[in-house]
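Chemist: here is a sequence together with a model predicted from it:
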Amino acid sequence: DTGVSQNPRHKITKRGQNVTFRCDPISEHNRLYWYRQTLGQGPEFLTYFQNEAQLEKSRLLSDRFSAERPKGSFSTLEIQRTEQGDSAMYLCASSRGQGDSNQPQHFGDGTRLSIL
Amino acid sequence: EDKVVQSPLSLVVHEGDTVTLNCSYEVTNFRSLLWYKQEKKAPTFLFMLTSSGIEKKSGRLSSILDKKELFSILNITATQTGDSAIYLCAVEGDGTSYGKLTFGQGTILTVHP
């Protein structure tokens, strides 16, 4: 069990640029989640994949955000035309689940995004 | 909409003290409640609770759930400086997504030597 891996750890970019983050879940986990965490707050749900299917997107996820999980393995989260308000820690989590049964989610160390 | 409220928001104690952290929730069709510890990086999993009245223990940490009153507590006995962290409570409902977690704001625990 190598844990959930996220890259890059830090990303600094200018407003208006596009950024892409990657998440490699624990290998046998079929469910993958993206969350966003700002200072002083708990993580907020963004989107969820079961295998390669994206099953839910939060209303927090504007049209500038897109996520993929090709082949049900790693996932990418892209933000287009970044804005100051996008500055946050982006956390990925994975779990093993079948039907309505779900094991605890395990989180990666996150990607900290800073918009200049 | 699911909601989680944690109290206190911050707590400062000395090594050896016992602390109790509170979590109350509102959720559509409760599935589970989870506690995580967050230091500088990833939240690390502590407990997953699904049944009322059954205490879960791991070393100096323990947690219990009351599904009738809609709350959970996390106890830490004989605190150590290494317990300093943010403790997050989260709930899972059976809304649209299995496993989607709604988190509270967290309790910042500081343990002084």
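Modeler: That came in fine, so what should we check first? Treat the numbers as computed from the prediction; the structure is a model and nothing was measured. Residues are numbered from 1 along each chain as shown, chains lettered A, B, ... in the order given.
Chemist: bridged to the residue most central in space within chain A, which residues?
Modeler: Geometric centre of chain A, nearest residue: A:W34, 3.0 Å, by CA atoms, centre = their mean. Here A:W34 sits in beta bridges with A:T47, A:C92, going by DSSP bridges.
Chemist: isn't it up against A:Y90?
Modeler: Yes - if you go by CB atoms under 8 Å, A:W34 and A:Y90 touch, sitting 6.7 Å apart. For the C-beta atoms, the positions are set from N, CA and C on the backbone; glycine is no exception.
Chemist: need the residues touching each of these two.
Modeler: A:L46, A:L77 (CB atoms under 8 Å, 6 or more residues apart in numbering or on different chains).
Chemist: what residues does the host helix or strand of A:R36 touch?
Modeler: Per DSSP states H and E: A:R36 is located in strand A:31-37. Applying CB under 8 Å, 6+ apart, the contact partners of strand A:31-37 are A:23, A:25, A:43-50, A:60, A:67, A:69, A:75, A:77, A:88-97, A:102, A:105, A:110, B:98-101.
Chemist: check contacts around A:D86.
Modeler: Counting by CB under 8 Å, 6+ apart, A:D86 makes contact with A:I79, A:L113, A:I115.
Chemist: now those as CSV including secondary structure, distance to B:R60 and neighbour count?
Modeler: Listed next are the contacts of A:D86 as CSV, based on DSSP: H, G, I helix; E, B strand; the rest coil; distance: CB to CB, whole Å; neighbours: other CB atoms under 10 Å in any protein chain shown:
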residue, secondary structure, distance to B:R60, neighbour count
A:I79, strand, 41, 23
A:L113, strand, 36, 20
A:I115, strand, 41, 19
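Chemist: three-state assignment of A:I12?
Modeler: Following DSSP: H, G, I helix; E, B strand; the rest coil, the label given to A:I12 is strand.
Chemist: and A:L46, how far from chain B?
Modeler: 10 Å (CB to the nearest CB, to the nearest Å).
Chemist: grab the nearest non-local neighbour of the residue of chain B at minimum distance from chain A.
Modeler: Distance from chain A to each residue of chain B (CB to the nearest CB) is smallest for B:F103, at 3.1 Å. Of all residues not flanking B:F103 in the chain, A:G42 sits nearest, at 3.1 Å (CB to CB, 6 or more residues apart in numbering or on different chains).
Chemist: for A:L116, same thing?
Modeler: Closest residue to A:L116 apart from its sequence neighbours, by CB to CB, 6+ apart: A:K14 at 5.1 Å.
Chemist: one step back: which residues does the residue of chain B closest to chain A contact?
Modeler: With the criterion set at CB under 8 Å, 6+ apart, B:F103 makes contact with A:G42, A:P43, A:E44, B:V4, B:L88, B:C89, B:A90.
Chemist: who does it bridge with?
Modeler: Here B:F103 shows beta-bridge partners B:A90, assigned using DSSP bridges.
Chemist: which intervals of chain A have sub-threshold pLDDT?
Modeler: A:1, A:99-101 (pLDDT under 70).
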